[in-house]
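In: pasting the sequence and the predicted coordinates here, then a few questions.
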Amino acid sequence: MYSTQLPDRESAILVGVIKPGDAPWEVEDSLDELQLLTDTAGADVSDRIVQKISQISASFFIGKGKISDLKQLVSRRKSDLVIFDDDLSPIQIRNLERELKCKLLDRSALILDIFAGHARTATAKTQVELAQLEYLRTRLTRQWTHLSRQKGGIGTKGPGETQIETDRRMIGQRIALLKSRLEKIDRQRITQRNRRKDFTRVSMVGYTNAGKSTLMNALAGVEVPAEDRLFATLDTTTRLIYIADNKQVLFSDTVGFIRKLPHRLIESFKSTLDEVRESDVLLHVVDAAHRRSDDQRRVVEETLKEIDANGIPTLLVFNKIEALEDPNQVRILRQEHPDAALVSALRGIGLSELKTKLLSVIENDFTDRILYLPVEDQRALSHLRKIGEVIAEDYMFARLDNEEEARAVVRLHYRAAPKFKKNLESLVERYKDFNPIPIDVEKAPDKTEA
């Protein structure tokens with residue numbers, strides 16, 4: 001279903017429009033990003049065309065005069081494809097292809113193509129194929145898909161290869177099958193998340209290429225694929241990391257966000273994004289050295305709101321501080337964002353500060369318990385020290401039956417309390433007679449008590 005990118009790179013022309021209310025620099029920035037996306041997909045950009053328009057043409061999106069200029073440029077450059085920075089309707093695509101006589105993609109199709117090329121696991125491939133088919137369902141008639149059998153290239157990976165032979169009924173059947181597979185994947189991931197619910201879950205989110213995977217490598221000491229390109233990571237990677245003694249945290253590295261992210265991808269990657277939605281804390285990783293870092297941060301915040309994850313406690317992390325040209329920028333960032341962590345994941349700078357700040361956020365969900373345990377049962381006491389932070393111990397207590405007991409004050413995550421009690425019951429036969437007493441209920445009044 002997914003073809004291999006051929007070594008010869010295609011030549012592309014990018015097209016952007018300045019609509020009423022758009023700032024010219026915003027359009028240029030968006031085209032800069034589109035050029036990076038095109039390079040990631042495997043093509044070289046020869047030219048960029050920008051037109052200021054007062055109204056979008058329902059038939060061609062841009063004006064007829066600009067179409068004539070674009071047609072001459074395609075012929076002169078012998079371009080393989082034209083890529084629009086905005087989504088086009090099926091009619092616009094058909095009309096433009098007839099006029100330009102070359103392959104034509106819009107921004108969504110390009111991003112979907114990149115995802116198809118980067119998908120590695122069965123889950124990612126299923127999610128991407130579903131998004132592609134949803135996109136292609138209304139775009140079955142295209143003049144140039146026969147070239148995919150000869151040359152390949154951008155826009156032909158995945159279901160695009162066989163769309164001429166596939167009618168809407170067959171695509172509908174395929175979509176139903178893929179949705180069924182994803183529902184099964186969702187159920188499996190829910191089971192996996194339930195097994196991990198006793199741990200504090202932290203998800204790293206951020207604009208694509210902000211350095212999330214590199215930060216995961218630095219914190220976990222493992223090698224998650226990390227490349228200096230857009231959407232290098234599609235599959236969620238989860239690692240158990242110690243951020244302090246007896247403080248284990250599940251870190252998840254998720255897919256990066258981008259402006260104008262196709263809604264079909266958000267729907268298809270539901271099981272992946274659920275990892276974000278069900279997190280206890282989010283690490284919002286920002287490329288501090290990017291000239292539009294504030295704009296990228298806003299895009300991520302808007303996307304989090306769109307997927308109903310904007311209410312989760314979030315720690316802002318400015319990455320790549322080693323790439324800041326002006327040393328004063330670090331000082332300015334600290335003044336403007338005193339609660340944020342400033343790090344260089346590549347050089348291992350600021351990781352201790354990051355862990356300290358993250359621990360401070362996490363401990364808002366920790367609660368204290370008083371436990372009474374038989375002194376002679378060292379297994380129970382050892383288990384206590386492994387999964388919780390012992391605040392105080394006292395061995396001078398005795399019950400009415402004169403059996404010596406230890407009194408311990410332990411601090412642990414509120415979700416770990418029920419399992420903590422169950423584990424101790426299996427270790428101490430008489431534990432059913434000893435009831436943990438919450439001593440800090442004001443801190444988390446709505447949490448489950450042991």
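Out: On my side now, so go ahead. Bear in mind the structure is a predicted one, so any value in this text is a computation, not a measurement.
In: okay, CA-based contacts and neighbour counts for the rest of this
Out: Noted.
In: can you classify Val15 by secondary structure?
Out: Of the three states, Val15 takes strand under DSSP: H, G, I helix; E, B strand; the rest coil.
In: next, count neighbours for it.
Out: Summarising burial for Val15: neighbours were counted as other Cα atoms under 10 Å, giving 20.
In: Ala119 too?
Out: Counted with other Cα under 10 Å, the neighbours of Ala119 add up to 21.
In: chain neighbours aside, what residue packs nearest to it?
Out: The shortest distance from Ala119 to any residue that is not its chain neighbour, by Cα to Cα, 6 or more residues apart in numbering, is 5.3 Å, and that residue is Lys125.
In: test my guess that the one you found contacts Asp113.
Out: No: look at Lys125 against Asp113 with Cα atoms under 8 Å: they stay out of range, at 11.5 Å.
In: higher neighbour count, those two?
Out: Each of Lys125 and Asp113 has its neighbours counted (other Cα under 10 Å); Asp113 has more, 26 against 21.
In: now the more buried one: which helix or strand?
Out: For Asp113, the element it lies in under DSSP states H and E is helix 107-118.
In: where along the stretch 201-350 of the chain do the strands fall?
Out: Listed in chain order, the strands of the stretch 201-350 of the chain (DSSP state E, counting those that start in this stretch) span 237-244, 247-253, 281-287, 314-319, 341-342.
In: adding mean pLDDT, mean neighbour count and distance to Leu100, write those out as TSV.
Out: As requested, the strands of the stretch 201-350 of the chain are arranged in TSV below (pLDDT from 0 to 100; neighbours: other Cα atoms under 10 Å; distance: least, Cα to Cα, whole Å):
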stretch	mean pLDDT	mean neighbour count	distance to Leu100
strand 237-244	82	16	43
strand 247-253	83	21	41
strand 281-287	94	25	38
strand 314-319	96	22	43
strand 341-342	96	24	48
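In: buried residues in the lengthiest helix in the chain?
Out: Under DSSP state H, the helix in the chain containing the largest number of residues is helix 168-195. Using 16 or more other Cα atoms under 10 Å as the burial criterion, the residues of helix 168-195 that qualify are 171, 175, 178-179, 182, 185-186, 189, 193.
In: what's the answer for stretch 115-126, then?
Out: By 16+ other Cα under 10 Å, the buried positions in stretch 115-126 come out as 115-119, 123-126.
In: can you list the domain ranges for the protein.
Out: Here the domain parsing of the chain from automatic domain parsing is 10-165, 196-349, 365-438.
In: next, count neighbours for the closest residue in space to Ile243 that isn't next to it in sequence.
Out: What sits nearest to Ile243 in space, not counting adjacent residues and going by Cα to Cα, 6+ apart, is Lys355, at 5.5 Å. When neighbours are defined as other Cα under 10 Å, Lys355 has 16 of them.
In: check which helix or strand covers Lys355.
Out: Element membership of Lys355, judged by DSSP H and E, is helix 351-362.
In: who touches that helix?
Out: Residues outside helix 351-362 that contact it (Cα atoms under 8 Å, 6 or more residues apart in numbering): 200, 219, 243-244, 280-281, 313, 315, 317, 339-345.
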